[in-house]
Structure formats: structure tokens, C-alpha cells
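K.L.:
structure for the following, please:
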Amino acid sequence: MKNAEQPGFTSRKTAGIVLALILLFGLGLRLVDLGGESLWLDEGGSVYKSGVSPKIFFRGEQPFVSPPLYYILLRGWINIFGDSETAVRLPSVIFGTLSILLIYLAGKEIFNRKTGLTAAVLLAVSVFNIYFSREARMYSLLCFLGLLSMLFLLKLILYSGARNQILYLITTLPLV
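P.N.:
Okay, here's the model as predicted:
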């Protein structure tokens, strides 16, 4: 499945440096003027939902259509960092930036480092990914978990093993 690696641009060291630059660039695009606008209705709803007791989620009384993981994580985040516009949007920035890393790993695993770097650049500058990584909504977490689930499914197919089965299951369940 993997192509032979070519020396030069796709060496491990060079790829690591290029990936770090891509991640920093992608992070920068997601951080520019992050708190510049007030929260809009749906973001305010996310902050409100994060204040709901987790017991409600687990009793099945959840009044929300999206899975509760994002709101539970946001609740913990707000308890530590506060509820300013920048603070509540930062988890989405983190998940959006980590998605760039995951798409690199998937591209590298399926093809080679060069393909992984190309995929990382495309996601780093993706207008949709940047937009959703700058909102206090669950979209960047879903992208992150979807990519992580795909990566573990790929590892499960290629290498099998109980560890990969468990990791695939853990990363896929929150998407249900």
C-alpha cells in the first residue's frame, strides 16, 4: 500500500520540519482575531449547553441533537479558562489544528509522507475547516474524531490487534 519513500523533501527529518511549519501556519490562520466578534446564537447555545449537568446527558434526557461529548469538554474548559469569546472558541481551534496532524498521519499511512504533507496543507488552508475551527461549536471536534476513527480503522485493517480494535471503538463511539 505504501509507495517507496524518496530521499530529500520526504525524508523523516524534513517532513517533520515541514509538518511543524504547516501546523503553525494552520494554527495561526485559526487564531487570527479569534475573540474579535461576539458569540452568535449557536455559540451561545453551546456555552449554555455546557452548563447543563452531565447527569442529564447520561440519563437520556438530553434536549440536544448533537452528541454530548463536546459540551462536557467545553464545560471543563470553561471551568478552567473562563467564558470569554476567545476562551470558548479555543477548544475548536485546538481540534481543528490537531485534525491537520491526523490527516497527515492518514495520508502518510495510506500512501507516503509527501501525500500526507499535501493533505495537511490542504486542510490547513481549507476555508471550511478554518471557519468551523473558529466557532464554539462541535464541528471541529467531529472532524478530529472522524479522522482519528479513520486512522485507527486503517491501522486495524493493516495491523489488526486488540489495541487497534479498542482505539477504533473508543474514537468512533462519540460520533454516534
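K.L.:
model confidence over stretch 47-56, on average?
P.N.:
The average pLDDT for stretch 47-56 rounds to 83.
K.L.:
quick one: that stretch to chain centroid distance?
P.N.:
The chain centroid and the centroid of stretch 47-56 are separated by 22 Å under Cα atoms, centre = their mean, to the nearest Å.
K.L.:
next one: Q62, what pLDDT does it get?
P.N.:
64.
K.L.:
oh, I was asking about N3
P.N.:
N3 is given a pLDDT of 49.
K.L.:
equivalent analysis for G28, please.
P.N.:
Reported pLDDT for G28: 98.
K.L.:
what is the neighbour count of it?
P.N.:
11 (other Cβ atoms under 10 Å). To be clear about C-beta, it is placed using only N, CA and C from the backbone, and glycine gets the same treatment.
K.L.:
how about the secondary structure of it?
P.N.:
Look at G28: counting by DSSP: H, G, I helix; E, B strand; the rest coil, its state is helix.
K.L.:
OK, contacts around it?
P.N.:
Neighbour list for G28: empty [criterion: Cβ atoms under 8 Å, 6 or more residues apart in numbering].
K.L.:
need the helix or strand of the chain with the lowest average pLDDT.
P.N.:
Counting by mean pLDDT, DSSP states H and E, the weakest-scoring helix or strand in the chain turns out to be helix 54-58, with a mean of 75.
K.L.:
what are the buried residues along the helix or strand just after it?
P.N.:
Where DSSP states H and E defines the elements, the next helix or strand beyond helix 54-58 is helix 69-81. Buried positions in helix 69-81, judged by neighbour count with 16 or more other Cβ atoms under 10 Å: L69, Y70, Y71, I72, L73, L74, R75, W77, I78.
K.L.:
repeat that for stretch 114-125.
P.N.:
For stretch 114-125, the neighbour count (16+ other Cβ under 10 Å) marks K114, T115, G116, L117, T118, A119, A120, V121, L123, A124 as buried.
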